[in-house]
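Peer 1: Predicted model follows, preceded by the sequence.
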Amino acid sequence: HLSRRLATVARYIPQGSRLADIGTDHAYLPVNLLKRGIIAGGVAGEVVRGPFENAQHEIQREGFSDRLTARLANGLQAIEPGDHVDTVAIAGMGGTLITNILTQDFDRLAGVTRLVLQPNVSANQIRQFLMTHGFKLVAEEILAEDGHIYEVLVADRTTETVSYTADELRFGPFLLAAPNDAFIAKWQHEAQRTREVLQQMQGAKQVPTAKVAALTAELHQIE
Ligand code: SAM
């Protein structure tokens, strides 16, 4: 079965959808969704040969080669028009990498109406991307597992103008409206880390004042 983290991602993949799981590694997510009859099929994309071969093996072993295609490709280049993908999942990476992947080959998202993204850090960058690329958040989750805290961002295609405040971009509009224990723990930890970095800077020579100012502002925002 899936980890709590991937199970949370799975909950937001629509019934009957065609999924591209980018950075799929063992293809656990799409294989699990096929087994449970949730997705109709799709693509499992990987840029590194080892994980790509893991995905191929898993798909063959579970007998889904007819509906799920493993592709060795960089990011969204794994998606081809004939795949008729409508949902994209990208999980287990930093928010900066996820944002880069989405931006690099944005045209490949032409038929995609839902994104389910699970950044380990820097979710704010993803929210900024969504706001400026015709997607709006429809749900967010934050959860702790094995000493790590993970966020899951769910976004749908929209023609509306979307605008998030600075606080919503950093903390998440849905998470901010209903903070749970994981949310509090994450931001207490982030505040403490920022204080420590600022303290180290005060002891050092030649620290750019802009950097100190930015971190101080960030700390105030978190507090
Ligand atoms: N998605 C799985 C999960 O959440 O459990 C695997 C996460 S694993 C930590 C990240 C995977 O993303 C690695 O297998 C890595 O090779 C892959 N990856 C990193 N950059 C990628 C890119 N630009 N395109 C496709 N895959 C990428």
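Peer 2: Yep, it's here.

Peer 1: Walk me through the domains of this protein.
Peer 2: 4-177, 185-222 (automatic domain parsing).

Peer 1: Out of those, which one sits most buried?
Peer 2: Looking across these with neighbours counted as mean count of other CB atoms under 10 Å, the highest average goes to domain 4-177: a mean of 18. Yep, even glycine has a C-beta here, placed from its N, CA and C like the rest.

Peer 1: avg pLDDT for that one?
Peer 2: Averaged across domain 4-177, the pLDDT comes to 98.

Peer 1: pretty sure residue 182 belongs to a helix, no?
Peer 2: Yes: assigned with DSSP: H, G, I helix; E, B strand; the rest coil, residue 182 falls within a helix.

Peer 1: now the domains of the chain as JSON lines including distance to the ligand?
Peer 2: Putting those into JSON lines (distance: least, CB to the nearest ligand atom, whole Å) gives the following:
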{"stretch": "domain 4-177", "distance to the ligand": "3"}
{"stretch": "domain 185-222", "distance to the ligand": "18"}
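
Peer 1: dump the residue contacts of residue 216.
Peer 2: For residue 216, the contacting residues are residue 198, by CB atoms under 8 Å, 6 or more residues apart in numbering.

Peer 1: gap between it and residue 124?
Peer 2: 17 Å (CB to CB, to the nearest Å).

Peer 1: Check residue 42 too.
Peer 2: For residue 42, the distance to residue 124 - CB to CB - is 28 Å.

Peer 1: what do you get for residue 211?
Peer 2: Taking CB to CB, one finds residue 211 at 18 Å from residue 124.

Peer 1: what do you get for residue 161?
Peer 2: Residue 161 is 19 Å from residue 124, by CB to CB.

Peer 1: Run through the bridge partners of the closest residue to residue 5 other than its chain neighbours.
Peer 2: In space, and not counting its chain neighbours, residue 5 is closest to residue 150: 4.9 Å by CB to CB, 6 or more residues apart in numbering. For residue 150, the beta-bridge partners are residue 143 (DSSP bridges).

Peer 1: What of residue 71?
Peer 2: Bridge pairing for residue 71 - DSSP bridges - gives residue 45.
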